[in-house]
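Peer 1: missing the sequence, but the structure's below:
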């Protein structure tokens, strides 16, 4: 069974990596890009029957820094 | 208009970061996790009317290293 966790910086938290991407795209001629934010995605192979609550616990304990990051779980 | 680009290492490319996550989850007691792979996600604010082909060009030129990474585009 697969699950995907997406971790993004919360709104309002400065994202220098995203800003660097926006500027680099602009200098490559992609002027239509007005904003970019970068996060991480983690694809997990989990035991059948693992529920979202357990994956949420993994996020709280390891995968995300919940002070500055939010996470989203998709069970595939 | 928003678009999301997900960049993952291709199958077969060693992913030490994902492996570190798997081991760390195991040592936290999450024994059901048999594999983990980490990638990045980039959320772009693009001009209305930007099509997938243009975003694909951004991936080819900047966002992904297509030798070792694959990308997926979602227009939101």
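Peer 2: Looks like it arrived, so ask away. Predicted, not measured: the structure shown is a model, and the values here were computed from it.
Peer 1: Show the backbone phi and psi for the closest residue to residue A:76 other than its chain neighbours.
Peer 2: Among residues not flanking residue A:76 along the chain, residue A:2 sits closest, at 4.2 Å (C-beta to C-beta, 6 or more residues apart in numbering or on different chains). For glycine as for every other residue, the C-beta is placed from the backbone atoms N, C-alpha and C. Backbone torsions for residue A:2, taken as degrees, to the nearest 10, come to phi -110, psi 150.
Peer 1: what about residue A:2, neighbour count?
Peer 2: 11 (other C-beta atoms under 10 Å in any protein chain shown).
Peer 1: just residue A:22 next, same as before
Peer 2: 21.
Peer 1: and it, what element?
Peer 2: helix A:16-27 (DSSP states H and E).
Peer 1: which residues are contacting that helix?
Peer 2: Helix A:16-27 is touched from outside by A:9, A:33-38, B:42-44, B:58, B:62-63, with contacts defined as C-beta atoms under 8 Å, 6 or more residues apart in numbering or on different chains.
Peer 1: strand partners of the helix or strand hosting residue A:8, parallel vs antiparallel please.
Peer 2: According to DSSP H and E, residue A:8 maps onto strand A:2-9. Strand A:2-9 has its sheet partners listed here by DSSP bridges as strand A:35-45 (antiparallel), strand A:69-75 (antiparallel).
Peer 1: just to revisit the earlier point, the residue nearest to residue A:76 reaches residue A:43, doesn't it?
Peer 2: Yes - counting by C-beta atoms under 8 Å, residue A:2 does reach residue A:43; the two are 6.3 Å apart.
Peer 1: what do those two both touch?
Peer 2: Shared contacts of residue A:2 and residue A:43 (C-beta under 8 Å, 6+ apart): none.
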